[in-house]
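1. everything below, folded, please.
(chains A and B)
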Amino acid sequence: QQQVKQSPQSLIVQKGGISIINCAYENTAFDYFPWYQQFPGKGPALLIAIRPDVSEKKEGRFTISFNKSAKQFSLHIMDSQPGDSATYFCAPISSARQLTFGSGTQLTVLP
Amino acid sequence: DAGVTQSPTHLIKTRGQQVTLRCSPKSGHDTVSWYQQALGQGPQFIFQYYEEEERQRGNFPDRFSGHQFPNYSSELNVNALLLGDSALYLCASSLRGTFYNEQFFGPGTRLTVL
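-> Residues are numbered from 1 along each chain as shown, chains lettered A, B, ... in the order given. Okay, the predicted model is just below:
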C-alpha cells in the first residue's frame, strides 16, 4: 500500500464545486492509471483511466491529470453533485495486471 | 447480463475456524481476482485465478487459498481465522487479453471474526 499515497483522506465540497483528489506513486513499472468509485455496500467500479503517454483525459465532469515526471495523477470532479458522494480510489496497474489501490478519499458533496 | 455475484453477503466466524467464500464472474469473463478490504482502507490483492490455476499472489499467508472451477467460478478459503481477517472480501472478474484486463467487482462478502 505504501507504493501509492492518496490525499486527502476526506473531502467536503458544496454542490457545484470542484473536487480534487491526488495520488502519488513510487513504482515506475505502473503503466495504466485508473480511478475507482465505491458506494457503500458496493464493490469499486471503474470511473476513468489514463495512459502515461497522455497528460489529461476528460470524460464528462471527470478529468484525470497526469504528471509522469512527478509520479502523480489527480482526479478532478467539476460541478460536483450530491450523487458523487462516495469513496474514490486511485489504483495504478503494472504489467502484472494487479490493481494497487490507494487508501481512499471519502467525498461528501453537500446539497 | 448478470454482473459479478458473491455469496454469502455476510458471515460471522470465530477465531480458528475455516471459511469459504464464493464468486461467480460476469458472463464471458475467464479470470477471477480476490481482494481484502479492511475497514477504511483500499482493497489489497490476494490472488488471481485463470484456467483453474493461481497465476499471481499478493502478500498473504498460505492460510489463504483458492480454487477456480471449469465454469470460471471461484472460491476463497481462509483457514485458522484470526481477528485481523475481519474485512470485506471482494471478487473481481475480467477477460484475459482485453485492454488492461478491466476488472469488474462484486459487492463483496463481509466477514466478521469474533
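2. show me what the residue nearest the centre of chain B is bridged to.
-> By Cα atoms, centre = their mean, chain B has its centre lying nearest to B:W34, at 3.1 Å. Counting by DSSP bridges, B:W34 is bridged to B:F47, B:C91.
3. wait, isn't it in contact with B:L76?
-> Yes: distance between B:W34 and B:L76: 5.0 Å, which falls inside the contact criterion (Cβ atoms under 8 Å). All C-beta atoms are positioned from the backbone trio N, CA, C, and that covers glycine.
4. quick check: neighbours shared by the two?
-> Residues within reach of B:W34 and of B:L76 at once, by Cβ atoms under 8 Å, 6 or more residues apart in numbering or on different chains, are B:C23, B:I46, B:G66, B:Y89, B:C91.
5. for chain B, what are the nearby residues on chain A?
-> Residues of chain A found near chain B (Cβ under 8 Å from any Cβ of the partner chain) are A:1, A:4, A:6, A:32, A:41-46, A:49, A:89, A:91, A:93, A:96-104.
6. just the buried residues of those residues.
-> The neighbour-count test (16 or more other Cβ atoms under 10 Å in any protein chain shown) marks A:4, A:6, A:32, A:43-44, A:46, A:49, A:89, A:91, A:93, A:97-104 as buried among those.
7. pLDDT weak spots in chain A?
-> Counting by pLDDT under 70, the ranges of chain A that qualify are A:1-2, A:96.
8. check contacts around the residue nearest to the centre of chain B.
-> By Cβ under 8 Å, 6+ apart, the contact list for B:W34 reads B:C23, B:F45, B:I46, B:F47, B:Q48, B:G66, B:S74, B:L76, B:Y89, B:L90, B:C91, B:A92.
9. name the nearest residue to the second one, ignoring sequence neighbours.
-> The reference is to B:F45. Leaving out its chain neighbours, the residue that sits closest to B:F45 by Cβ to Cβ, 6 or more residues apart in numbering or on different chains is B:G58, at 4.0 Å.
10. and for that neighbour, the neighbour number?
-> Residues lying near B:G58 (other Cβ atoms under 10 Å in any protein chain shown) number 16.
11. again with A:A86
-> Neighbours of A:A86 (other Cβ under 10 Å): 21.
12. who touches it in this structure?
-> Counting by Cβ under 8 Å, 6+ apart, the residues that A:A86 touches are A:Q37, A:Q38, A:F39, A:Q106, A:L107.
13. quick one: pLDDT of the residue nearest to B:F45?
-> Predicted confidence (pLDDT) for B:G58: 92.
14. okay but it is in contact with A:L99, surely?
-> No: look at B:G58 against A:L99 with Cβ under 8 Å: they stay out of range, at 10.4 Å.
15. what residues are shared contacts of the two?
-> Joint contacts of B:G58 and A:L99 (Cβ under 8 Å, 6+ apart) are B:F45.
16. surely A:L47 touches A:Y36?
-> Yes: checked against Cβ under 8 Å, the pair A:L47 and A:Y36 is within contact range at 6.1 Å.
17. looking at these two, which is more packed in?
-> Using other Cβ under 10 Å, the more surrounded residue of A:L47 and A:Y36 is A:Y36, with 25 against 19.
18. in which helix or strand would I find that one?
-> Using DSSP states H and E, the element containing A:Y36 is strand A:33-38.
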